[in-house]
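Participant: okay, sequence plus prediction incoming.
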Amino acid sequence: MSNVDDYKGKAIELAGGVEYAAGSVVSKTILDKKTGTLTLFAFDEGQGLSEHTSPYDATVQIVDGVAELVVGGQPNRVTAGQLFIMPANVPHSVRAVQRFKMLLIMIR
């Protein structure tokens, strides 16, 4: 599926919605509204997002693999099938312990 309208009214296979790429982080926006976004990510092993903050809670659904989410300096190992809420205004980072896919849910 190539644009947001392609997803509407259809079941979405999250694990197959974005592909891994060697040495990279790949993202695909599913929904982008003023009220929030849904974005699928695929992280190759060892890849990540450096520490940053968000003015909104960030909810992560791990779809495949294993991630380390560091929130406020506290590491958290999160695996496929688990949901994790990173609180607003708290520094956090993401690292692929092994390659993994996640759905990022941002509600403003």
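Facilitator: That came in fine, so what should we check first? Numbers count the residues shown, from 1 in each chain.
Participant: how about the strands in this protein?
Facilitator: Counting by DSSP state E, the chain has strands at residues 25-33, 36-43, 48-52, 58-64, 66-71, 74-79, 83-86, 92-96, 100-107.
Participant: separation between residue 54 and residue 85?
Facilitator: 11 Å (CB to CB, to the nearest Å). From N, CA and C alone the C-beta is placed, and that goes for glycine too.
Participant: hmm, back to that, of the strands of the chain, which is nearest residue 6?
Facilitator: strand 25-33 (9.4 Å; CB to CB).
Participant: got the angle for the closest one vs strand 36-43?
Facilitator: 170 degrees (axes from the mean of the first three to the mean of the last three CA atoms, to 10 degrees).
Participant: hang on, the earlier thing: of residue 54 and residue 85, who's got more company?
Facilitator: Neighbour comparison, residue 54 and residue 85: the larger count goes to residue 54, with 16 against 11 (by other CB atoms under 10 Å).
Participant: so what's the residue nearest to that one when sequence neighbours are not counted up against?
Facilitator: Closest residue in space to residue 54, ignoring its immediate chain neighbours: residue 88 at 6.1 Å, by CB to CB, 6 or more residues apart in numbering. Residues in contact with residue 88 (CB atoms under 8 Å, 6 or more residues apart in numbering) are 53-58.
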